[in-house]
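>>> requesting a structural model of the entry that follows:
(chains A and B)
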Amino acid sequence: MYNFTNLYEANSVQEALELKKQYSNALFLAGGSDILIKLREEKIAGSDLISIYMLDELRGICLEEDGTLLIRPLTSFTDVSMHPLIKEHVPVLGEAVDQIGGPQIRNIGTIGGNICNGVTSADSASTLKAYDAVLELASLEGTRELPYGEFNLGPGKVDLRPGELLTGIRIPKESYEHTYGHYIKYAMRKAMDIATLGCSANVKLSEDKTTIERIRIAYGVAAPIPVRATTAERAATGKPVNSQLLETVAEHALADVTPRSSWRAAKEFRLHLVQELARRAVKIAIEKAGGTIA
Amino acid sequence: MTHKLVTCTVNGKKRHYHIDVRSSLSDMLRGQEGLFSIKHGCDVGECGACTVLIDGKPFNSCIYLAVWAEGKDILTLEGLSDTRGTISDIQQAFIDEGAVQCGFCTPGFIMSSIPIITKETPSTREEIRKQIAGNLCRCTGYEKIVDAIEKTQKKRIEEREHTS
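Below is the predicted model:
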């Protein structure tokens, strides 16, 4: 028996929002792989829950008319990684969420839960940041769009205003077109582990594959929240594709991160990973894009 | 406390359960149906000993609200044997390969292996390990478990080729 007080089951997004207005302290419950566990640990014992898990209208992935990729937040990690549109347009996102937990967790865990939870180690976060995802946040007052880059306010804290629910994650066409990415999760075990550090990088190369037209890099666990490595991106944009480029990225990425020491790893080791994972992820992304690094 | 009627299919039979809404799926299936193959191991989704199939996919029943089972098709280890109690090929393979020691994790491993052994193309050992990565065994060291799954999958594929 879980240690919560009341369970309100929403049958539509509208009903979920109305329940949230009525019971403002209640927590939205998606797949529950964070909340039901925290209830077991009694961290949030006695809370009220609004279950949105049965809302199929918040499930699925499609392309909108202008080519924007829309991922509904209750899509499970398994369904994200298996989806043909993800495989075609943002395969790196599927590869990233396929490294979460184990099969059972990937079947219940949702991509929306992963980012609303607000932890820096969320495996989908760095790739969504690196692709400039845009969030659709609904409330009874209306819907607003927020760049995912502005969503994380602090550890476990996100810009969800009272009464708001995440209803969509969008990746614009311009962001995924001719773009190739790679994610590296560094963890002690191959499964059922949380990243010591994660790095997601993607590149768009010039037509002759010799110059970086656009590069985006984001990290998990390199700071209190998932972060973009904007200094490294600026330093590498427009540069020729060669081994010096990887050093430029690694060197400048240090300016973008503030890792800490934890029982998983020391700060110094994380700083080492920040550089090494960037080198490796950018190299593989360039190779996927058809470029070569001598 | 609030109670609710949940209707779902369990091991091929339509069932109704009157449950406290705070129940997990494992609470409901153990408590009301006596399906004790479902183990309360870690109770936080880490060990896989409570794994059941929901609409054909493995889930940890310890971190799944019982009310979410409404309308779902659930399969537990008990549903693998036939009406006379004869065990299935994958269960026999676990015995034959010595993949069972204390046995606590075994039902969970077998349920996680169902999507693998029903695949039409052979899996590599690495792929099998990935599919059972959500299940912990503290006795066997996994090799014999992978052997049992690999052999059952191979046998089923060969049998299908034979009959087609």
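
>>> please count neighbours and contacts with C-alpha atoms only from this point.
Noted.

>>> and chain B, which of its residues are near chain A?
Contact residues, chain B versus chain A (CA under 8 Å from any CA of the partner chain): B:2, B:21-24, B:27, B:43-46, B:48, B:51, B:57-60, B:63-64, B:68, B:130-134.

>>> could you redo the last one with a cut-off of 7 Å?
For chain B, the residues in contact with chain A (CA under 7 Å from any CA of the partner chain) are B:22, B:23, B:24, B:27, B:44, B:58, B:59, B:60, B:63, B:131, B:133, B:134.

>>> taking the centroid of the chain, which residue is nearest it?
The chain I'm using is chain A. residue A:125 (1.7 Å; CA atoms, centre = their mean).

>>> to clarify, I was referring to chain B.
Closest-to-mean residue, chain B, CA atoms, centre = their mean: residue B:111 / 2.2 Å.

>>> list the buried residues of stretch A:31-50.
Of the residues in stretch A:31-50, A:31-40, A:44-45, A:47-50 count as buried by neighbour count, 16 or more other CA atoms under 10 Å in any protein chain shown.

>>> actually stretch A:242-260, not the one I typed
Residues of stretch A:242-260 classed as buried by neighbour count (16+ other CA under 10 Å): A:242, A:245-254, A:256-257, A:259-260.

>>> what of stretch A:271-288?
Counting neighbours by 16+ other CA under 10 Å, one finds that the buried residues in stretch A:271-288 are A:271, A:273-288.

>>> try stretch B:141-153
Using 16+ other CA under 10 Å as the burial criterion, the residues of stretch B:141-153 that qualify are B:142, B:144, B:145, B:146, B:147, B:148, B:149, B:150, B:151, B:152, B:153.

>>> and the buried residues of stretch A:271-288, which of them are in strands?
Judged by DSSP state E, strands contain none of the buried residues of stretch A:271-288.

>>> hmm, back to that, what's the closest of the buried residues of stretch A:31-50 to residue B:83?
Residue B:83 has its nearest neighbour among the buried residues of stretch A:31-50 in residue A:31, at 34.3 Å by CA to CA.

>>> which one among the buried residues of stretch A:242-260 gets closest to residue A:121?
residue A:259 (11.8 Å).

>>> what sits against residue B:64?
Applying CA atoms under 7 Å, 6 or more residues apart in numbering or on different chains to residue B:64 gives the contacts B:24, B:25.

>>> let me know the pLDDT of it.
Per-residue pLDDT puts residue B:64 at 98.

>>> what does the helix or strand of chain B with the lowest mean pLDDT contact?
Using mean pLDDT, DSSP states H and E, helix B:143-163 stands out as the lowest-scoring helix or strand of chain B, at a mean of 95. Contacts to helix B:143-163, defined as CA under 7 Å, 6+ apart, come from residues B:89-90, B:93-94, B:97-99, B:113, B:117, B:120, B:122, B:125, B:128-129.

>>> just the buried ones from those?
Buried, going by 16+ other CA under 10 Å: B:89, B:90, B:93, B:94, B:97, B:99, B:113, B:117, B:122, B:128, B:129, out of the contacts of helix B:143-163.

>>> mind listing which of the residues you listed are in helices?
Taking DSSP state H as the definition of helices, the buried ones among the contacts of helix B:143-163 contribute B:89, B:90, B:93, B:94, B:113, B:117, B:128, B:129.

>>> for chain B, which segments count as helices?
Counting by DSSP H, chain B has helices at residues B:25-33, B:89-96, B:106-117, B:125-131, B:143-163.

>>> before we move on, the earlier item: so which of the buried residues of stretch A:31-50 are in helices?
Per DSSP H, the buried residues of stretch A:31-50 map to helices at A:35, A:36, A:37, A:38, A:39, A:40.

>>> which one of those residues is nearest to chain B?
Among these, residue A:37 lies closest to chain B (CA to the nearest CA), at 5.3 Å.

>>> how near is that closest one to residue B:19?
Separation of residue A:37 from residue B:19 (CA to CA, to the nearest Å): 20 Å.

>>> so who does residue B:21 touch?
Shown in contact with residue B:21 (CA under 7 Å, 6+ apart): B:2, B:3, B:4, B:67.

>>> can you give me the strands in the stretch 1-150 of chain A?
Ranges of strands within the stretch 1-150 of chain A are A:7-9, A:27-29, A:49-51, A:61-63, A:69-71, A:134-139, A:142-147, based on DSSP state E, counting those that start in this stretch.

>>> closest one to residue B:105 among the ones you listed?
Using CA to CA, the strands of the stretch 1-150 of chain A put strand A:27-29 closest to residue B:105, at 28.5 Å.

>>> so the closest one, near chain B or not?
No: contact of strand A:27-29 with chain B (CA under 7 Å from any CA) is absent, the minimum separation being 10.3 Å.

>>> that strand: partners in the sheet, and parallel or antiparallel?
Strand pairing for strand A:27-29, using DSSP bridges, gives strand A:49-51 (parallel).

>>> show me what the mean pLDDT comes to for the partner strand.
98.

>>> cool, and stretch A:135-143?
For stretch A:135-143, the per-residue pLDDT averages 98.

>>> that older thread, show me what contacts the residue nearest to the centre of chain A?
Counted by CA under 7 Å, 6+ apart, residue A:125 has contacts A:115, A:226.

>>> distance check, residue A:155 against residue A:128.
As judged by CA to CA, residue A:155 and residue A:128 stand 17 Å apart.

>>> between the two, which has more neighbouring residues?
Counted by other CA atoms under 10 Å in any protein chain shown, residue A:155 and residue A:128 do not tie: residue A:128 has more neighbours, with 23 against 14.

>>> if I read this right, residue B:3 contacts residue B:20, doesn't it?
Yes: at 4.4 Å, residue B:3 counts as touching residue B:20 under the criterion of CA atoms under 7 Å.

>>> ok, residue A:115 - contacts?
Residue A:115 touches A:122, A:125, counting by CA under 7 Å, 6+ apart.

>>> near chain B, which residues of the stretch 1-150 of chain A?
A:1, A:2, A:4, A:32, A:33, A:36, A:37, A:102, A:103, A:104, A:107, A:108.

>>> excluding chain neighbours, what is closest to the fifth one?
The shortest distance from residue A:33 to any non-neighbouring residue, by CA to CA, 6 or more residues apart in numbering or on different chains, is to residue A:109 (6.0 Å).

>>> can you check what pLDDT the model gives the one you found?
For residue A:109, the model assigns a pLDDT of 98.

>>> what is the burial count for it?
Neighbours of residue A:109 using other CA under 10 Å come to 24.

>>> quick check: it vs residue B:72, distance?
Per CA to CA, residue A:109 is found 18 Å from residue B:72.

>>> pLDDT score for the residue of the stretch 151-294 of chain A found nearest chain B?
Here the residue of the stretch 151-294 of chain A nearest chain B is residue A:191; by CA to the nearest CA that distance is 6.1 Å. pLDDT for residue A:191: 95.

>>> related to what we said a few turns ago, can I get the helices of chain B in JSON lines with distance to residue A:73?
Shown next, in JSON lines, are the helices of chain B (distance: least, CA to CA, whole Å):
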{"stretch": "helix B:25-33", "distance to residue A:73": "23"}
{"stretch": "helix B:89-96", "distance to residue A:73": "36"}
{"stretch": "helix B:106-117", "distance to residue A:73": "25"}
{"stretch": "helix B:125-131", "distance to residue A:73": "24"}
{"stretch": "helix B:143-163", "distance to residue A:73": "34"}
